[in-house]
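Chemist: fold the following.
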Amino acid sequence: MFERTSHSTPGGTISNEPRINDRIHVPEVRLVGPAGEQVGIVRIEDALRLAREADLDLVEVAPMARPPVCKLMDYGKFKYEAAQKARESRRNQTNTVIKEMKLRPKIDGHDYETKKGHVVRFLKAGDKVKITIMFRGREQSRPELGFNLLKKLADDVVEDGTVESAPKQDGRNMLMVLAPTRKKTEAKAEVEAIKAAKAAVRAASAEAERIEQANLRAAAPSVAAPKKRRGPSDNMDADIDV
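Modeler: Numbers count the residues shown, from 1 in each chain. Below you'll find the predicted structure:
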């Protein structure tokens, strides 16, 4: 990785690009070859000559060293490959999404199971979930109800999520944050794999049905066309005059 320094360009703007070729103004440099081999300390004129002879650029990779370290490389190719890697990295990045699920301290069993199902679905998709217990009226004097409910929920979804932020009181509410056990990219990849598998099964079933229908049509007996009954005129010679 380059050690970059800010320097002014002729237009007056600040650039974070490493100095290359004639922009390197030092009497000597520690030169590194294109394959990473150590050439040693050489005069800047000799380093520039070697770069021209190899049709490469002289790039200052460690300007703070004494003397600065420079490397022979194709700088245009290096910048292109670095940009490609950065673009691929951004494409693979996924934004962290925090879902929220609100519960009451005295939630009934059916509602609890429904909301727990939503929490599991969010976690399986790779999203964090903020659980909010809402206290009303006299419920605020019973914080243990909310704490016990959050602990029960954390235990019930332990296969898909872990407690990232322990239960804590926030005014009239109690909060807890669950984090998925798998990364979002892994969860997304699994979902895509499941979709692809289902599509393959559907395609195979459709092909099997098509083959079965074709075999049935081939095995069905052909219906013979009815024979035409011969009439009196069919026995007469067309060349005989009647």
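
Chemist: only C-alpha atoms from now on, for both contacts and neighbour counts.
Modeler: Fine.

Chemist: show me where this protein has its strands.
Modeler: Using DSSP state E, the strands of the chain run over residues 7-8, 14-15, 28-32, 38-43, 57-62, 69-73, 98-103, 128-134, 161-170, 173-180.

Chemist: possible to save these as JSON lines with mean neighbour count, distance to residue 87 and mean pLDDT?
Modeler: Listed next are those as JSON lines, based on neighbours: other C-alpha atoms under 10 Å; distance: least, C-alpha to C-alpha, whole Å; pLDDT from 0 to 100:
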{"stretch": "strand 7-8", "mean neighbour count": "12", "distance to residue 87": "26", "mean pLDDT": "52"}
{"stretch": "strand 14-15", "mean neighbour count": "12", "distance to residue 87": "21", "mean pLDDT": "54"}
{"stretch": "strand 28-32", "mean neighbour count": "23", "distance to residue 87": "28", "mean pLDDT": "94"}
{"stretch": "strand 38-43", "mean neighbour count": "13", "distance to residue 87": "32", "mean pLDDT": "92"}
{"stretch": "strand 57-62", "mean neighbour count": "24", "distance to residue 87": "23", "mean pLDDT": "92"}
{"stretch": "strand 69-73", "mean neighbour count": "24", "distance to residue 87": "22", "mean pLDDT": "94"}
{"stretch": "strand 98-103", "mean neighbour count": "15", "distance to residue 87": "25", "mean pLDDT": "93"}
{"stretch": "strand 128-134", "mean neighbour count": "23", "distance to residue 87": "26", "mean pLDDT": "95"}
{"stretch": "strand 161-170", "mean neighbour count": "16", "distance to residue 87": "31", "mean pLDDT": "92"}
{"stretch": "strand 173-180", "mean neighbour count": "22", "distance to residue 87": "26", "mean pLDDT": "94"}
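
Chemist: export these to TSV and append columns for distance to residue 49.
Modeler: Output for those, formatted as TSV (distance: least, C-alpha to C-alpha, whole Å):
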stretch	distance to residue 49
strand 7-8	24
strand 14-15	25
strand 28-32	12
strand 38-43	10
strand 57-62	9
strand 69-73	11
strand 98-103	57
strand 128-134	57
strand 161-170	58
strand 173-180	57
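
Chemist: what sits against residue 112?
Modeler: For residue 112, the contacting residues are residue 103, by C-alpha atoms under 8 Å, 6 or more residues apart in numbering.

Chemist: quickly note the distance from it to residue 198.
Modeler: 31 Å (C-alpha to C-alpha, to the nearest Å).

Chemist: for residue 206, find the nearest of the strands of the chain.
Modeler: strand 173-180 (37.2 Å; C-alpha to C-alpha).

Chemist: helices or strands up against that closest one?
Modeler: helix 109-124, strand 128-134, helix 143-156, strand 161-170 (3 or more C-alpha pairs under 8 Å, 6 or more residues apart in numbering; DSSP states H and E).
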